[in-house]
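1. Here is the input, now give the coordinates:
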Amino acid sequence: MSKRDEIFLEIILGAIFVLVGFILSFLMVIKVIASNLFLSLFSYALSTAGLGLGVIAAHGLMPKKPKRRLNEYEEP
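-> I've put the predicted structure just below:
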């Protein structure tokens, strides 16, 4: 598996985490499932972890710019 495939897999996994967190929260609001502290914290943690995972993976897709070397006459 290439590095790019791993990054896309992380983005998809992050999106699934966010979606599951949203669905759990929505089902608690419409009272399909009973709302308790553990389930609320689990839903929040899942959404936050998914968002973080997606952002970090998206950062991995950004092209790396080579550092530009300065001449001895150029100022930084």
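
2. quick one, what contacts the closest residue to L13 other than its chain neighbours?
-> Spatial nearest neighbour of L13, excluding adjacent residues (C-beta to C-beta, 6 or more residues apart in numbering): L53 at 6.3 Å. C-beta coordinates here come from the backbone N, C-alpha and C atoms, glycine included. By C-beta atoms under 8 Å, 6 or more residues apart in numbering, the contact set of L53 is E10, I11, L13, G14, F17.

3. Would you mind giving me the ChimeraX syntax to select the buried ones in these?
-> Typed into ChimeraX, the line below selects the buried ones among the contacts of L53, using 16 or more other C-beta atoms under 10 Å:
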select :10,11,14,17
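
4. Just put the contacts of L53 in JSON lines and tack on distance to K3.
-> Formatted as JSON lines, the contacts of L53 follow (distance: C-beta to C-beta, whole Å):
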{"residue": "E10", "distance to K3": "11"}
{"residue": "I11", "distance to K3": "13"}
{"residue": "L13", "distance to K3": "16"}
{"residue": "G14", "distance to K3": "17"}
{"residue": "F17", "distance to K3": "21"}
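
5. Including pLDDT, secondary structure and distance to S40, could the contacts of L53 go into a markdown table?
-> A markdown table is the format used below for the contacts of L53 (pLDDT from 0 to 100; DSSP: H, G, I helix; E, B strand; the rest coil; distance: C-beta to C-beta, whole Å):
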| residue | pLDDT | secondary structure | distance to S40 |
| --- | --- | --- | --- |
| E10 | 93 | helix | 26 |
| I11 | 93 | helix | 26 |
| L13 | 95 | helix | 22 |
| G14 | 95 | helix | 20 |
| F17 | 97 | helix | 16 |
